[in-house]
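Trainee: only geometry, no sequence info:
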């Protein structure tokens, strides 16, 4: 596990579009009206449509893929996400998903990362930890 050092970071940034929300809904089947229906969303505390929370987890998964690629063959796999959703992501928000290596368990070949997704205004919309198993 020499390919990872405590404090290593990686990130991925994306502006969330209407297409992203509809595409994600179609892929996973999350057709909840707060994501897809403007009139319904106006009646919620958000007052407009929001992205699915798991879309942010998907962005963290993208970063985890970057980290997995650093492992020597046969590679590594993510196997756990413990994420709390703190704030909404709206259409047009640019979010940055970032992982920072906090712990290495050399005996089990496991890395534990601090995980956060932050909007362009500095609000952390999702946070928690992720785990990577080096194979």
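Mentor: Cool, the structure landed. Because the structure is predicted, anything quoted here is derived from the model rather than measured.
Trainee: Only C-alpha atoms from now on, for both contacts and neighbour counts.
Mentor: Fine.
Trainee: Strands of the chain, residue ranges please.
Mentor: 9-15, 76-85, 94-105, 110-119, 124-134 (DSSP state E).
Trainee: Return the most buried member of those.
Mentor: Of all the strands of the chain, strand 110-119 has the most neighbours on average by mean count of other Cα atoms under 10 Å, namely a mean of 23.
Trainee: Can you tell me the strand partners of it and which way each runs?
Mentor: strand 94-105 (antiparallel), strand 124-134 (antiparallel) (DSSP bridges).
Trainee: pull the longest helix from this protein.
Mentor: Counting residues, the longest helix found in the chain (DSSP state H) is helix 53-68.
Trainee: Measure how buried residue 63 is and give me the count.
Mentor: 21 (other Cα atoms under 10 Å).
Trainee: Next, the contact list for it, please.
Mentor: Taking Cα atoms under 8 Å, 6 or more residues apart in numbering, we find residue 63 in contact with 10, 11, 12, 97, 98, 99.
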